[in-house]
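Trainee: Just the structure for this:
(4 chains, ligands or ions: 6)
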Amino acid sequence: MIVARDAVARVVEVVPHPLPYFTLVLEVPDVYAEVTAGQFVMLETTGGLEPYLRRAFSVADVSKRGDVVVIELLAKVVGRGTRAMAELGRGTRRALLGPLGRGFDLPEAGPVALVAGGVGSAPLLLASRRLAARGVRFDFFYGGRSAADLPRRDDFARAAQAAGGRLVVATEDGSEGFRGRVTEALAAELDAGRAYRATYSCGPMPMLAALARLSAERGMPGEAALETEMGCGFGACLGCAVPHVSGRFALCCQDGPVFRLDEVRW
Amino acid sequence: MIVARDAVARVVEVVPHPLPYFTLVLEVPDVYAEVTAGQFVMLETTGGLEPYLRRAFSVADVSKRGDVVVIELLAKVVGRGTRAMAELGRGTRRALLGPLGRGFDLPEAGPVALVAGGVGSAPLLLASRRLAARGVRFDFFYGGRSAADLPRRDDFARAAQAAGGRLVVATEDGSEGFRGRVTEALAAELDAGRAYRATYSCGPMPMLAALARLSAERGMPGEAALETEMGCGFGACLGCAVPHVSGRFALCCQDGPVFRLDEVRW
Amino acid sequence: MSAPALAVRLGALELPNPILTASGTFGYGLEFAHLSDLGRLGGIVTKGLSLEPLAGNPPPRVAETRGGMLNSIGLQNIGIERFLAEVLPRLERFPARVLVNLFGYEFDDYARLAERVDPYPGIAAVELNVSCPNVRKGGIEFGHDPEVLARLVASVRRATAKPIAVKLSPNSGAPVALAEAAREGGADILSAINTVLGMSIDPWTRRPRLRTNRGGLSGPAIRPIAVRIVFDVARQVGLPVIGIGGIETVDDVVEFLLAGASAVQVGTALFRDPRAAERLVDGLAARLGELGVASVGELVGAVRPWESPK
Amino acid sequence: MSAPALAVRLGALELPNPILTASGTFGYGLEFAHLSDLGRLGGIVTKGLSLEPLAGNPPPRVAETRGGMLNSIGLQNIGIERFLAEVLPRLERFPARVLVNLFGYEFDDYARLAERVDPYPGIAAVELNVSCPNVRKGGIEFGHDPEVLARLVASVRRATAKPIAVKLSPNSGAPVALAEAAREGGADILSAINTVLGMSIDPWTRRPRLRTNRGGLSGPAIRPIAVRIVFDVARQVGLPVIGIGGIETVDDVVEFLLAGASAVQVGTALFRDPRAAERLVDGLAARLGELGVASVGELVGAVRPWESPK
Ligand SMILES: Cc1cc2nc3c(=O)[nH]c(=O)nc-3n(C[C@H](O)[C@H](O)[C@H](O)COP(=O)(O)OP(=O)(O)OC[C@H]3O[C@@H](n4cnc5c(N)ncnc54)[C@H](O)[C@@H]3O)c2cc1C
Ligand SMILES: Cc1cc2nc3c(=O)[nH]c(=O)nc-3n(C[C@H](O)[C@H](O)[C@H](O)COP(=O)(O)OP(=O)(O)OC[C@H]3O[C@@H](n4cnc5c(N)ncnc54)[C@H](O)[C@@H]3O)c2cc1C
Ligand SMILES: Cc1cc2nc3c(=O)[nH]c(=O)nc-3n(C[C@H](O)[C@H](O)[C@H](O)COP(=O)(O)O)c2cc1C
Ligand SMILES: Cc1cc2nc3c(=O)[nH]c(=O)nc-3n(C[C@H](O)[C@H](O)[C@H](O)COP(=O)(O)O)c2cc1C
Ligand code: FES
Ligand code: FES
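Mentor: Residues are numbered from 1 along each chain as shown, chains lettered A, B, ... in the order given. Ligands and ions are numbered 1, 2, ... in the order given. The predicted structure follows:
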């Protein structure tokens, strides 16, 4: 595993999808080339002191541009930090700690299901790339409140197709694809006879909890990348507690953010 | 007198003199055309919340550029707020409250002495303009630690010359002009037989206190623009107390910032 | 849906909306008359008034800190008589409710002040400052001894029929006990909080940034402290509460209402933006609409506290 | 001039420099080993340790506020035995002074913990957390009653020969009285301050942002409160003080030293920048040079307080 380092990243660009969703492209140290899907970074969002703490973002993609390694963060403007990120100018430098945490333990053989809720799709973009590179077939289940809440849906569709799978969209308002929750869309596929060896997911807690139930019912294992409030991102503050079936609290930033679905007390 | 208003000013440009000194040029409401020399503004220095309070700056100059009124603030980077100001980009909008306070009661006839310590020269630039417009002769005494601490010295020299007077420079390190304090330079001129009907001054408190002593000794009246810590700039917080000979505290922002030298308990 | 109702009632005190200005941060109100529409506010709390005029502390009196400021104004004020004779008549021209903030050096000063303002219909309520950390001579810290506080409030109760708000100190360590004492004494309303005792030193001059060395911390930095005290006091004491401390946005107003405040006071934010309070009145009306809430009252104390984990 | 001397001495506790990391903000130290050079720090204060491992509070446990953050970790820790068996040996590989932060539920827990760590030469001192606002069961608020505190410290004094630091709460209303009690009990050092009790509510969900409703406020927002308490305690109690609260820059370190602290602890700032403490060691050395000061000791308590105005 890579040892996290605190470095200074350079902003390459900010791509709106449109807002509130955007991709932030950062030039980073070479170690990121080895990042595991599901790992995350702690990013200083402003040069000033407000907000004070860094913010956590999954690494959504990694590539080489010429000699330099760049990562993509796929994010949503929800507050002060993400607003500042969306306005970052090319060339701006920001402290970046990472890569952090434990990523997905991706399989060598499919088919598997990737299940994303909204901007929770971020770590699953990198997971898609890695699966495609291994030739593992996957379907990508992408849910959101409405069609506007599925940022970079085309990238996900292409990635799934390249791996012989497809994109299944679910929107709560029915504006696109399956009308309802993404876990219901997955259940419908399962009911229709489709089988997956495992699921890899990220999204809001209620979605993941529903997936954990489904997973238990159908005997289909899975892993989920969780989000919690984080003070530090590297095990120092103990702020990122995740209720664990052991009765103790696991740390999202160190023991996770990826957990087996059956490890978490939802 | 103009009633202060809270408006949004547009940054026209920032001119370094060089740093830490700079002039900030702002597009302002038309009322500023009537500003009195010595009046000041409270400027929001950043769009963010850190620093929190606005900062006080004398109006250093006012003019028309085409149809719009612009003011100049002559300032020195000393902390967070002034640092942010020096980096303001053209077109940026910032809240601006003003014009505030009581300015100089400038005379109809000279000769008078303007006495500035460092960036305290700011309100005296506008005073120079007003005096020149009235044809009142003045000498401009400009003191600083060294030659580098006399921002816009050429503007002051030109203004004094235009009014038939001259610029007298004093530096503590002797790097230019009179070696010593500006009040000592003024005393030397007085000793050499020059006479002024009054002084108009701005600078650090110890300089103004020395000037007040000189003024009392020589029976030469004067007015000084004072600087104090300010919470609000418009009489609400009572933070800007100036010890007054009455035994009470005057408010720098409302009763001043310009006071008669013999009004203040130095 | 009709426009959401902003009016609130705190015991006998009725306000057109819950946004007031905090004592000492809005002068006597008139300072803002050309900058903000006073008539749109829920009310104005005056600078603290004493029996005699007070010169206040020497400068420096204010210093900015991270997310807030320190002050040691020292309760400079024109005295109750000049206020009643010169300021109040001018204030009455604006349709704004006026609350007078009162403080004394001697125990009896409070009742004497209350008695003095009692006849004036233009004064909607009195707020007792028993907690200002800036004046050291005499016993301004009446606000730190429950027994003394109860007697003090009782003496004021006898002196006026107007609603009495008691302003709580965050520096006592036991705000609930003090609030209960205020209630026992006959207070109608609790105002929470006053400034938090703090200090700042210039690392270059080695001088404290305030001439009194210590002073009162206000502004956003203290907001979590204020919300906690409002929450505790509102649940445990049973009097209407006015929430104060670091309020700047509508989110903050809603936070204090949820914590249990029936109204709020805006202080330090006014220095940054003289129209801050007025803007919050508009903002709150809009927010009630967004929340689908018909009145401010629906938010008061509507926090959903977590149960103790088993 | 030779390089300024950074070493400080707090009673029997000698430190290579005055920059420590605050309990609960630096894990057990090892979390930072790959991010910062532990050996350059003045010392490391461990996460609070109890006799038994503790699971801590349910999430959410942290929330950012203006200029600071709230936490309710609930003192999650691995327990003293695992610390001594597994962590301490690894920590000893770094040349960093280790102070253990101890807390108990029962009066006797503190002495038992102190007794347990006493034999370990790798532990430079104990710091007693008698003030953490997060754990409600039992009497963690030993830190609010001077009489109990004096007895508690005395019991620890009998259990260990190591220097004892007592960590003061800012929530008591009487920090000086508590500090005096700690001294009476035999404390060698005062650590000031722990977090300030606060609360924050999400205006949309109406939920307190912490699962425990209230929590501890830390970060720059509380710095003026901490400086004030350090100033008061250092002048009035006569024990060496470790200053804690919102420290982020060299200016802040100097401010605390001037106020009377002989050393400081950096907390929340480490979350923003894992190397914050290490950077301050360099920065302080440079600053001493700029100030023309030969040693840290020259700054300790060197504030020039204003005299009372006549
Ligand atoms: C391991 C991890 C990976 C993440 N990856 C991504 C990602 O790839 N893309 C993305 O858009 N977001 C991601 N998040 C969430 C992201 O960290 C938050 O959206 C961000 O911190 C909000 O910052 P803000 O200053 O804009 O909002 P704030 O002003 O701090 O808060 C605004 C709202 O967001 C909520 N919030 C704040 N912090 C978090 C948090 N850490 N987790 C969840 N909700 C939060 C608050 O409760 C509040 O309701 C991730 C979080 C974690 C822990
Ligand atoms: C009426 C008035 C007119 C002024 N006109 C000018 C002007 O034309 N040009 C100019 O450069 N400056 C002027 N000042 C001073 C200016 O307001 C301060 O330099 C500014 O507030 C510093 O802000 P900061 O955030 O950069 O510094 P901070 O980080 O707030 O402080 C840095 C240093 O500046 C000192 N300081 C802070 N505020 C003040 C203040 N209000 N007065 C004096 N010292 C202060 C602090 O004590 C500290 O030592 C004026 C002040 C007043 C009251
Ligand atoms: C400059 C200043 C002066 C104050 N004067 C008084 C006062 O005279 N009486 C009083 O009860 N409170 C006074 N306060 C306290 C405020 O009314 C308020 O309780 C406190 O500032 C917290 O609110 P804020 O954070 O919104 O400012 C003063 C506060 C400031 C900043
Ligand atoms: C997440 C967190 C956990 C903490 N845990 C402890 C603890 O276990 N024991 C303790 O004495 N103090 C604890 N503290 C308090 C800090 O040690 C310190 O006193 C406080 O945070 C103020 O310093 P700061 O503003 O630099 O963070 C904790 C603080 C934070 C933020
Ligand atoms: S975020 Fe600090 S320990 Fe996990
Ligand atoms: S600066 Fe607030 S009253 Fe003068």
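Trainee: So, low pLDDT: which residues of chain C?
Mentor: C:1-4, C:132-141, C:310 (pLDDT under 70).
Trainee: where exactly do the helices run in it?
Mentor: C:79-82, C:88-91, C:107-117, C:146-159, C:175-185, C:223-237, C:250-259, C:269-272, C:276-291 (DSSP state H).
Trainee: Can I get those helices in CSV including mean neighbour count and distance to D:Pro119?
Mentor: Every residue, glycine included, has its C-beta placed from N, CA and C. Formatted as CSV, the helices of chain C follow (neighbours: other CB atoms under 10 Å in any protein chain shown; distance: least, CB to CB, whole Å):
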stretch, mean neighbour count, distance to D:Pro119
helix C:79-82, 16, 68
helix C:88-91, 16, 72
helix C:107-117, 19, 58
helix C:146-159, 19, 47
helix C:175-185, 22, 44
helix C:223-237, 26, 41
helix C:250-259, 26, 49
helix C:269-272, 25, 55
helix C:276-291, 19, 60
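Trainee: A:Phe40 and A:Gly203, how far apart?
Mentor: 15 Å (CB to CB, to the nearest Å).
Trainee: okay, these two: which has more neighbours?
Mentor: Neighbour count, other CB atoms under 10 Å in any protein chain shown: between A:Phe40 and A:Gly203, A:Phe40 has more, with 30 against 27.
Trainee: Go ahead and confirm that one touches A:Val59.
Mentor: Yes - with contacts counted by CB atoms under 8 Å, A:Phe40 reaches A:Val59, the gap being 6.5 Å.
Trainee: Report the set of residues contacting both of those two.
Mentor: Between them, A:Phe40 and A:Val59 share these contacting residues under CB atoms under 8 Å, 6 or more residues apart in numbering or on different chains: A:Gly98, A:Pro99, A:Pro123.
Trainee: Just give me the neighbour total for whatever residue of the stretch 101-250 of chain C ends up closest to chain A.
Mentor: Closest contact between the stretch 101-250 of chain C and chain A, by CB to the nearest CB, is at C:Pro220 (9.5 Å). C:Pro220: 26 surrounding residues under other CB under 10 Å.
Trainee: where does it sit relative to D:Arg93, distance-wise?
Mentor: 43 Å.
Trainee: Likewise for C:Gly74?
Mentor: 56 Å.
Trainee: What sits closest to A:Pro243 if chain neighbours are left out?
Mentor: A:Arg265 (3.8 Å; CB to CB, 6 or more residues apart in numbering or on different chains).
Trainee: so C:Phe231 touches C:Phe256, yeah?
Mentor: No - applying CB under 8 Å as the test, C:Phe231 and C:Phe256 come out as separate, 9.3 Å apart.
Trainee: residue contacts, the closest residue to chain A within chain C?
Mentor: Closest approach between chain C and chain A, counting by CB to the nearest CB: C:Arg66, at 7.3 Å. Residues counted as contacts of C:Arg66 (CB under 8 Å, 6+ apart) are A:Leu49, B:Glu50, C:Ala221, D:Gly67, D:Pro220, D:Ala221, D:Arg223, D:Gly246.
Trainee: between those, which is nearest ligand 4?
Mentor: Taking CB to the nearest ligand atom as the measure, ligand 4 lies nearest D:Gly246 of those, at 4.3 Å.
Trainee: what about that closest one, distance to D:Val230?
Mentor: Applying CB to CB to D:Gly246 and D:Val230 gives a distance of 12 Å.
Trainee: got it, and C:Arg211?
Mentor: In terms of CB to CB, C:Arg211 sits 20 Å off from D:Val230.
Trainee: thinking again about what came up before, for C:Gly74 and D:Arg93, work out which one has more neighbours and name it.
Mentor: Neighbours were counted for C:Gly74 and for D:Arg93 using other CB under 10 Å; C:Gly74 has more, 24 against 11.
Trainee: Excluding chain neighbours, what is closest to that one?
Mentor: C:Gly74's closest residue in space is C:Asn57 (CB to CB, 6+ apart), at 3.2 Å.
Trainee: Pretty sure the one you found sits against C:Thr212.
Mentor: Yes - using CB under 8 Å, C:Asn57 makes contact with C:Thr212 at a distance of 5.4 Å.
Trainee: So what's the residue count around the residue in the stretch 101-250 of chain A positioned nearest to chain B?
Mentor: At 19.8 Å from chain B, A:Gly231 is the closest residue in the stretch 101-250 of chain A, using CB to the nearest CB. Neighbour count for A:Gly231, taken as other CB under 10 Å: 27.
Trainee: gap between it and ligand 5?
Mentor: A:Gly231 is 4 Å from ligand 5, where distance means CB to the nearest ligand atom, to the nearest Å.
Trainee: and stretch C:75-89 with ligand 3, contact?
Mentor: Yes - if you take CB under 6 Å from any ligand atom as the test, stretch C:75-89 does meet ligand 3, through C:Leu75.
Trainee: Briefly note if that stretch comes near chain D.
Mentor: No - Stretch C:75-89 does not reach chain D (CB under 8 Å from any CB of the partner chain); its nearest approach is 12.7 Å.
Trainee: Just the CA atoms of the longest strand seen in chain A, as PDB, please.
Mentor: Looking across chain A with DSSP state E, the single longest strand is strand A:5-16. Only the C-alpha atoms of strand A:5-16 are listed here, as PDB (Å, rounded to 0.1, in the frame of the first residue of the first chain):
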ATOM      1  CA  ARG A   5       1.900  12.100   1.900                       C
ATOM      2  CA  ASP A   6       1.100  15.700   2.300                       C
ATOM      3  CA  ALA A   7       1.900  17.400  -0.900                       C
ATOM      4  CA  VAL A   8       1.000  20.500  -2.900                       C
ATOM      5  CA  ALA A   9      -1.300  19.900  -5.800                       C
ATOM      6  CA  ARG A  10      -1.700  22.200  -8.800                       C
ATOM      7  CA  VAL A  11      -5.100  22.800 -10.300                       C
ATOM      8  CA  VAL A  12      -5.200  21.800 -13.900                       C
ATOM      9  CA  GLU A  13      -8.900  22.700 -14.500                       C
ATOM     10  CA  VAL A  14     -12.400  22.600 -13.100                       C
ATOM     11  CA  VAL A  15     -15.000  21.100 -15.400                       C
ATOM     12  CA  PRO A  16     -18.700  21.800 -14.600                       C
END
